[in-house]
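A.B. asks: can you look at this prediction? I've put the sequence above it.
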Amino acid sequence: DISKRCPNCGKTVWPQLATAIIVLINRGDDLLLVHARNFKTDFYGCIAGFVETGESLEEAVRREVMEETQLKIKNLRYFKSQPWPYPCGLMVGFFAEYESGELKLQDEELSRGGWFNKHSLPTIPEKLSLARMLIDEWLERNM
């Protein structure tokens, strides 16, 4: 039983889950990498964000991509999920392809970003992160 019961009032509480998505977008031989303002180091990662109430994972990916980049994507594919070091977090990873739009980064969340090819990657996240797993998988498929 994963619920907890308050010994004083008897209320049963179930774990809360904060679900987030992360997506690696490619445009031909290039992939989109961004540096979020909240990153503590200089690495670039993938577009990510929280799933809103009543939203599917796929809807969240499309919304976050549009909000943060003004791009439309296609061929959205699930990759894998990972527990995330945010209280009760789950990060769900996807691949997508660029469909249309001109890259315009959301200033409030992203400090910089752009399209990179496999020969000119910026600093990328450490091996344990889902962002890095997405990048490594894409690189392996495109060597």
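C.D. replies: Sure thing, it's come through. Residues are numbered from 1 along each chain as shown.

A.B. asks: every contact and neighbour count from this point should use C-alpha atoms.
C.D. replies: Fine.

A.B. asks: nearest residue to the residue sitting nearest the centre point of the chain other than its sequence neighbours?
C.D. replies: Centroid-nearest residue in the chain: I22, 1.5 Å away (criterion: Cα atoms, centre = their mean). Excluding its sequence neighbours, the residue lying closest to I22 (Cα to Cα, 6 or more residues apart in numbering) is A48, at 4.1 Å.

A.B. asks: quick check: the residue nearest to the centre of the chain is in a helix.
C.D. replies: No - counting by DSSP: H, G, I helix; E, B strand; the rest coil, I22 is not part of a helix but strand.

A.B. asks: rewinding a little: give me the neighbour count for the residue nearest to I22.
C.D. replies: Number of residues near A48 (other Cα atoms under 10 Å) recorded here: 22.

A.B. asks: with E58 instead?
C.D. replies: 14.

A.B. asks: how about the one 3 residues further on?
C.D. replies: Other residues near V61 number 28, with proximity taken as other Cα under 10 Å.

A.B. asks: what sits closest to it if chain neighbours are left out?
C.D. replies: I21 (6.3 Å).

A.B. asks: right, and the one you found touches R62 too?
C.D. replies: No - using Cα atoms under 8 Å, I21 is not in contact with R62, being 10.1 Å away.

A.B. asks: more neighbours, the two?
C.D. replies: Set I21 next to R62 and count neighbours by other Cα under 10 Å: I21 wins out with 21 against 17.

A.B. asks: how near is H35 to T12?
C.D. replies: 41 Å (Cα to Cα, to the nearest Å).

A.B. asks: which one's more surrounded, those two?
C.D. replies: H35 (22 against 10).

A.B. asks: who are the packing partners of the one helix or strand the more buried one maps to?
C.D. replies: Taking DSSP states H and E as the criterion, H35 maps to strand 30-36. Judged by 3 or more Cα pairs under 8 Å, 6 or more residues apart in numbering; DSSP states H and E, strand 30-36 is in contact with strand 18-27, strand 110-117.

A.B. asks: what's in contact with the longest one?
C.D. replies: Contacts with strand 18-27, where a contact means Cα atoms under 8 Å, 6 or more residues apart in numbering, come from 31-33, 46-51, 57, 60-61, 73, 86-98, 131, 134-135.
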